[in-house]
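Asker: Here's a sequence, model it:
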Amino acid sequence: LRKKSYKDSLILIYVDRKWKNRLKYIIICKEKTMDAYIYFILDAVKTALYSLSLFLALLYLCLILFIPRFHTQNNMFILNILVNGILSTIYFALYFYAVEFRMSPSICTLFHYAFNTASLQVAFAFIAITIHRFCVIVYHTKAFFKTKKWTILCISIQWITQSIASVPFIFARRRVVILF
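Answerer: As a prediction, the model looks like this:
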């Protein structure tokens, strides 16, 4: 499939699993309208925001990794949030730009699984921080909750839980409608 430009027309893409992921194009408008230019500008803004968020997250991630005084338990959770944010940003940038291309059903299923995982990542990272802080405060006399093992256990459980929580979406049949 060739990529349609915003200047030519706006496109509605309809994906249906029953039709074996064939893409049907419905042309909404052929002439250059103000709506087409607005979508083009919004696409440029979206790209700029993705780039800015990736740059800032990578900058902060490097600061935490390479400055030894930042190697604390709380910064391990911030590092986890940054990694989750970077992976989510990369995924959504790829998802919204690669959705125009024809994909096999297995790749489409993988995209849906990754979509749900990327959507859950940052929220689950904050839940892991909340559980960690709750146990540190409530069980302040227990030495285990003050160790890095507990921090690593919270982060590991967060990654496992978000991966397992997205498994049902592999088996879901869905229709995807994307407006450009």
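Asker: And the pLDDT at the most centrally placed residue in the chain?
Answerer: The centroid of the chain falls nearest to S88 when counting by Cα atoms, centre = their mean (2.6 Å). The per-residue pLDDT reported for S88 equals 91.
Asker: That one and I137: what is the separation?
Answerer: 29 Å (Cβ to Cβ, to the nearest Å). The way it works is simple: take the backbone N, C-alpha and C, and place the C-beta from them, glycine included.
Asker: rewinding a little: SS state for the residue nearest to the centre of the chain?
Answerer: helix (DSSP: H, G, I helix; E, B strand; the rest coil).
Asker: now the protein, which segments are flagged as low pLDDT?
Answerer: Within the chain, the segments meeting pLDDT under 70 span 1-36, 98-101, 103, 173-180.
Asker: show me what contacts the residue lying farthest from the centre of it?
Answerer: Largest separation from the mean C-alpha position in the chain: T141, at 37.8 Å (Cα atoms, centre = their mean). Residues in contact with T141 (Cβ atoms under 8 Å, 6 or more residues apart in numbering): none are found.
Asker: Over to the one 5 residues further on?
Answerer: Listed by Cβ under 8 Å, 6+ apart, the contact set of K146 reads V136.
Asker: This protein: helices as residue ranges?
Answerer: 34-66, 73-98, 105-138, 148-165 (DSSP state H).
Asker: Relative to F171, which of those helices is closest?
Answerer: helix 105-138 (8.7 Å; Cβ to Cβ).
Asker: about what we covered before: will you turn the helices of the chain into TSV that also has distance to A172?
Answerer: Below are the helices of the chain laid out as TSV (distance: least, Cβ to Cβ, whole Å):
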stretch	distance to A172
helix 34-66	26
helix 73-98	17
helix 105-138	7
helix 148-165	13
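Asker: you'd agree A128 is up against L79?
Answerer: No. The criterion here is Cβ atoms under 8 Å, and A128 misses it with L79 at 12.0 Å.
Asker: between these two, which one's more packed in?
Answerer: A128 (24 against 18; other Cβ atoms under 10 Å).
Asker: and the more buried one, how far is that from T89?
Answerer: Counting by Cβ to Cβ, the gap from A128 to T89 is 19 Å.
Asker: cool, and V167?
Answerer: Taking Cβ to Cβ, one finds V167 at 23 Å from T89.
Asker: Likewise for I78?
Answerer: I78 is 16 Å from T89, by Cβ to Cβ.
Asker: same deal with I164?
Answerer: Distance from I164 to T89, by Cβ to Cβ: 23 Å.
Asker: neighbour-wise, which of these two wins?
Answerer: Neighbour totals were compared for I164 and T89, and T89 leads with 18 against 9 (other Cβ under 10 Å).
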